[in-house]
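1. 3D model of this:
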Amino acid sequence: MSLAAQLTGDVTAIGYGLAAIGPGIGIGLVFGHGVQAIARQPEMFQLLRQQIILGLVFAEALAIIGLVMPIVYKKM
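-> You can find the predicted model right below:
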C-alpha cells in the first residue's frame, strides 16, 4: 500500500509544517546576516536593527499566512 493511500482525514498540519519551513529559514538568514553586519560596522547598529526587525516581520507574515490559509480553505 502506498503512503498516499494511507493518508486520510485532516492533513492541514502537514501543509502548515511545510509552509513553516520557508519562513524559518528566512528568519535564520535575516538574523545571521544581521549579526554579521553589526559585527562589521557597530556604528550602524540603529539602522541595521530596524532592517532586521522589518525582515523578521515579512518572514513572520509568510508563516501567519501559511497558518491561516488551511483554516480559511477548510471553511469554504
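2. which one is the spatially most central residue of the chain nearest to, not counting chain neighbours?
-> By CA atoms, centre = their mean, the chain has its centre lying nearest to Pro23, at 1.7 Å. Leaving aside its chain neighbours, Pro23 sits nearest to Ala63 (4.0 Å; criterion: CB to CB, 6 or more residues apart in numbering). For the C-beta atoms, the positions are set from N, CA and C on the backbone; glycine is no exception.
3. Okay, and that neighbour sits in which element?
-> Applying DSSP states H and E as the criterion places Ala63 in helix 45-75.
4. for Ile38, same thing?
-> Using DSSP H and E, Ile38 falls within helix 21-40.
5. Counting neighbours, which bits of stretch 42-49 end up buried?
-> Across stretch 42-49, burial judged by 16 or more other CB atoms under 10 Å covers Leu48.
6. Check stretch 60-76 too.
-> Residues Leu62, Ala63, Gly66, Pro70 are the ones in stretch 60-76 that count as buried (16+ other CB under 10 Å).
7. cool, stretch 47-60 as well?
-> Under the neighbour-count criterion of 16+ other CB under 10 Å, stretch 47-60 has Leu48, Ile52, Gly55, Leu56, Ala59 buried.
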